[in-house]
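# Below are the sequence and a predicted model for it; my questions follow.
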Amino acid sequence: MKRRHTVLLSVFLGMQVLYAQDKRIRSIQFKELENTHDISTGKWGPYSKQYAGISHIPEVSTGIRFDFSVVPGYYRNKIVVPNVLFESGYFPWDFSSDMTAFTYRYELEWKDKTYVDVRYKILDSATVLASMKCVNATSMPQNITLNLMAWQAYPDIFPAQSLNYPQGSKWINAADYQSVGYKKKSPKDNLVTDGLMRGEIRDAAYIDGSAIRLGEYAGDKGTYKLNFKNLGESGKLSLVYRLRENKTCALTISGIVNESILLNGTGALAITDLKAVLPRDLNGNLTIEVTLGAALELNGMLLSAGKSAVNLVDNKRGDYPQIISNPKEKNAILKYKDNAAYYGLAWDSKDFTVREVRNDELDLYFRKLVHNHVDSILNGNNKGHYFNVFIRPVELAPNSERTVYSLICTGSLDQVRGRLNQFKSILAESVEVGDPIVTTDERSQVLPEGKKYEFSQRLLKSTVLSNVVYPIYTQRQYIRHFTPGKWWNSLYTWDSGFIAIGLNEINPQLAADCINTYTTPVGSQSAFIHHGSPVPVQMYAFMDLWNKSQSKDLLQYFYPRLKQYYQFLAGHSGSSSTAVLRSGLLKTWDYFYNSGGWDDYPAQVGVHRQRAEKYITPVISTAQCIRTAKILRLAAIASGNENDVVTYDKDIRKFSNSLQRFSWNTKSGYFSYVRHDEEGRPQGPFNYTDGQDYNMGLDGAYPLLAGICTGEQEDILIEKLFSERHLTTPSGIGVVDQSAPYYQSDGYWNGSVWMPHQWFMWKTMLDLGHPDLAFKIASKGLEVYAKETDESYYTFEHFFAKTGRGAGWHQFSGLSTPVLSWFSAYYKPGTVTAGFEVWIDSQKMSRNNSAYEAFIVFDKATPAHKRSVVACMDPSKTYKATFSGKSVEIKTRYPGLIEIILPASNEEGTLMIEPVT
């Protein structure tokens, strides 16, 4: 393919200086991402899985977290405990893009009559300043209380026992094998859920929380690399395992040691020593194979150098800290077991009491004891501990406010003492009138037409950045991780792809981190990190980030990982079972019940009710593979991997032909789910009980996204999308045709409106040269979202089709992030947006957003046709546009927003937007 980069001359547009659209991505060190799935949000952050506030991670590998939160309320009355797992009266209010400052609002009296804004400002790696602005906007005086809470949190799986062994010994967890082999093959062998190791099981009963299961079938085995010097003459190898009570398991051990042993089960973790004498120096493989008996839970092996016995000891959590309290100086120091760091707290209120809450939760117990203002120790079930500074009362006259400050710091004992002594000077240096939560650079210009959406945009951005938790476990490591909501304390592949798309508008570094979480190095056991619907949104997030940055490092780093991801979904690698049917159509039921994220999508529900997963294919899986093959085809060429194009082209032809031959349903006007016989041959559409097509819905329109429809099919499906009789509802495009007999008005997806599939259709309309329809999708989404968020302060999951009211999780980010994309595309000058068929090879935008130049490459795997681009520019000017030197059709929707129709050609060229002089 001919490649050319623009040369920008000083004479262009009257000496205007042009610059790369987004330089922040260029600072990312991709080498640092190679061996981690963590994100670079710092050791301080909003990581708690219990109560909103700020957390500190002393050491990422441990899974242990120090939490600090504020529980405000009325004196001797109502308190607001900010539980992150249900609606509890607090709101992520304002977050800086780099997450070094953030605010939560606590509503004591709705709506903004009496409230407390708690702001955390990370001053350095050891210090955080918390400000608690108490506001009384009523005509009555108010008495406020502030409860500062500090505690230590442990990972969900905290080992109940540990090994006591001689100094100089070496422990090897069974999950850290060199290889593992199972007699029974599984489609998930190369796509293990949650990024666990193949065979790995997680439980608090195991040392380190992990073990592997062997022996469901005789011949299951694991091989380990042992490298150990100076073991000594009395060295031995011990196995740690668990077997069901009264069961036995025979093992053959070979390699460095050759021995057969019989294990007996007690139902508890046990240790057995091998009889073999180990050589002084070990360097080789050891294979453990189950030859007979019950399934074995192998926890690991210990190479011990001494004669001392190896035994199990109980682990005791260190919830109760050593407390060094200094009420006179208004500070305290906490030291917890299992944590090398000390933590210091200081506060500036003279009216306080230092207390301990000895209970595992605050939601019920602390509320019940709100009237106990006498005891310094509140004894509950003694299953947890909260250090509490009870500040009261904060007296507020009518229509007044007052701010209380607290310092949270960490380090050695001397470092913490020194920092606490500096509290007054730190406070004086840090507190500034009107100190903004974000910098001036972040407060980018917004077109006047977009002002009405700014508040909802800020709350959604804050929700995205607040929905990050630690620890999440994957690939034998604990990580920080963005989640769609803290209720989902886990990985979610398709949701997190949309989180990355949202982060593209907020912080490109975090966007790249988020994409990286779900990709794996080439040759990894799992093709990618998978949980939930296998929709490859990371591919789209990557392309979106490329089109913003043109970062060659981004391209070179992610292309091989995304290629591996694609190959599995397309059925080309490892244990993939997606392409086992003769029709060439794909299915992903072996990996998750949900094909497209739409839980109660009728055809999908029907497949599972009939237990027909083996024989029925949806449309979206094949359509998504076609589009992602086209995206990776562009990336392959741009990254110098042209040889890969042949495979992508072959897949695109095959999958496209399969959908056209077997799935298009002229009767319903949709592409159908396809039934297959036991031999995998296609048998026709999967129909509802009355004989109608079961796939009258968005799944049946997904070949539009793939770019494989005939002109007639395109017209039919676009009419369905935008018809109020079919898919368009008062609140936007739904996922089930309203004329279908299985349409519901009260379903989770069936009868509701969500943003993610609308984002796909929005991009598709740009690809198809329909910017007016694209704007219709985006503007309705922004309107519906803003109306609800402005009213309730909630950032909901989905919206009822008829009323537009929000529902589902109240602080949801994942699948709602298209709202951020739409806002940037239409209201933030300097933003240029295209569909999936426009690869922006290079681009420059003038500093005042009044001139733009880009070299554009098209998706040549799709026949040439008109495509559209949206550019948000300086609203004070009018514009003209050319492509390869020729004028192109341009429409100004409102000052600053122009929509460009590109010519029906696949030839790359230069797009220029100039102000009309």
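The structure has been received and is ready for your questions.
# Which parts of this structure belong to which domain?
Domain assignment of the chain by automatic domain parsing yields the ranges 52-153+322-430, 161-314, 448-827, 830-915.
# thinking residue 814 is in contact with residue 483, fair?
Yes: with contact taken as C-beta atoms under 8 Å, residue 814 and residue 483 are classed as touching, separated by 7.4 Å. From N, CA and C alone the C-beta is placed, and that goes for glycine too.
# out of these two, which sits in the more crowded spot?
The residue with more neighbours, out of residue 814 and residue 483 and counting by other C-beta atoms under 10 Å, is residue 814; that gives 29 against 22.
# I'd guess residue 783 is in a helix, am I close?
Yes: going by DSSP: H, G, I helix; E, B strand; the rest coil, the assignment for residue 783 places it inside a helix.
# if I look at it, how far off is residue 453?
8 Å (C-beta to C-beta, to the nearest Å).
# so what sits against both of residue 814 and residue 483?
Common neighbours of residue 814 and residue 483 are listed as 467, 492, 495-496 (criterion: C-beta atoms under 8 Å, 6 or more residues apart in numbering).
# returning to that earlier point: turn the domains of the chain into JSON lines, including mean pLDDT.
Shown next, in JSON lines, are the domains of the chain (pLDDT from 0 to 100):
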{"stretch": "domain 52-153+322-430", "mean pLDDT": "97"}
{"stretch": "domain 161-314", "mean pLDDT": "92"}
{"stretch": "domain 448-827", "mean pLDDT": "97"}
{"stretch": "domain 830-915", "mean pLDDT": "97"}
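# nearest to residue 35, of those?
Among those, domain 448-827 comes nearest to residue 35, with 7.9 Å by C-beta to C-beta.
# ok now that closest one, how far from the chain's centre?
Taking C-alpha atoms, centre = their mean, to the nearest Å, one finds domain 448-827 lying 15 Å from the centre of the chain it belongs to.
# immediately after the helix or strand in which residue 515 is found, which helix or strand?
When elements are assigned from DSSP states H and E, residue 515 belongs to helix 508-517. Later in the chain than helix 508-517, the nearest helix or strand by DSSP H and E is helix 537-549.
# okay, the angle between the very next helix or strand once past that following helix and helix 537-549?
Past helix 537-549, further along toward the C-terminus, the next helix or strand under DSSP H and E is helix 552-569. With axes from the mean of the first three to the mean of the last three C-alpha atoms, to 10 degrees applied, the angle from helix 552-569 to helix 537-549 works out at 160 degrees.
# mind listing what's buried in helix 552-569?
The neighbour-count check on helix 552-569 (16 or more other C-beta atoms under 10 Å) flags 553-555, 557-569 as buried.
# Can I get that helix in CSV, CA atoms only?
Output for helix 552-569, consisting of C-alpha atoms alone and laid out as CSV, is shown next (Å, rounded to 0.1, in the frame of the first residue of the first chain):
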residue,chain,number,x,y,z
LYS,A,552,3.7,3.8,16.6
ASP,A,553,4.6,2.3,20.0
LEU,A,554,1.0,1.7,20.7
LEU,A,555,0.6,0.0,17.4
GLN,A,556,3.7,-2.2,17.7
TYR,A,557,2.9,-3.2,21.2
PHE,A,558,-0.8,-4.1,20.8
TYR,A,559,-1.0,-5.5,17.3
PRO,A,560,0.5,-9.0,18.1
ARG,A,561,-1.6,-9.3,21.2
LEU,A,562,-4.8,-8.3,19.5
LYS,A,563,-4.0,-10.6,16.6
GLN,A,564,-3.7,-13.5,19.2
TYR,A,565,-7.0,-12.4,20.7
TYR,A,566,-8.7,-12.4,17.2
GLN,A,567,-7.2,-15.8,16.2
PHE,A,568,-8.9,-17.5,19.2
LEU,A,569,-12.3,-15.8,18.5
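# helices and strands around it, which ones?
Helices and strands in packing contact with helix 552-569 are listed as helix 508-517, helix 537-549, helix 620-638; criterion 3 or more C-beta pairs under 8 Å, 6 or more residues apart in numbering; DSSP states H and E.
# Minimum distance to residue 875: which of those helices has it?
Here helix 537-549 is closest among the helices and strands packed on helix 552-569 (C-beta to C-beta), at 21.3 Å.
# Stretch 797-814: end-to-end distance?
Its first and final residues considered, stretch 797-814 spans 8 Å by C-alpha to C-alpha, to the nearest Å.
# Just the buried residues of it, please?
Across stretch 797-814, burial judged by 16+ other C-beta under 10 Å covers 797-801, 804, 806-814.
# Now distance to residue 753 and mean neighbour count too, for the helices and strands packed on helix 552-569, in TSV please.
Shown next, in TSV, are the helices and strands packed on helix 552-569 (distance: least, C-beta to C-beta, whole Å; neighbours: other C-beta atoms under 10 Å):
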stretch	distance to residue 753	mean neighbour count
helix 508-517	25	26
helix 537-549	19	25
helix 620-638	18	25
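# Output those as JSON lines; include the columns distance to residue 845.
As requested, the helices and strands packed on helix 552-569 are exported to JSON lines (distance: least, C-beta to C-beta, whole Å):
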{"stretch": "helix 508-517", "distance to residue 845": "16"}
{"stretch": "helix 537-549", "distance to residue 845": "11"}
{"stretch": "helix 620-638", "distance to residue 845": "20"}
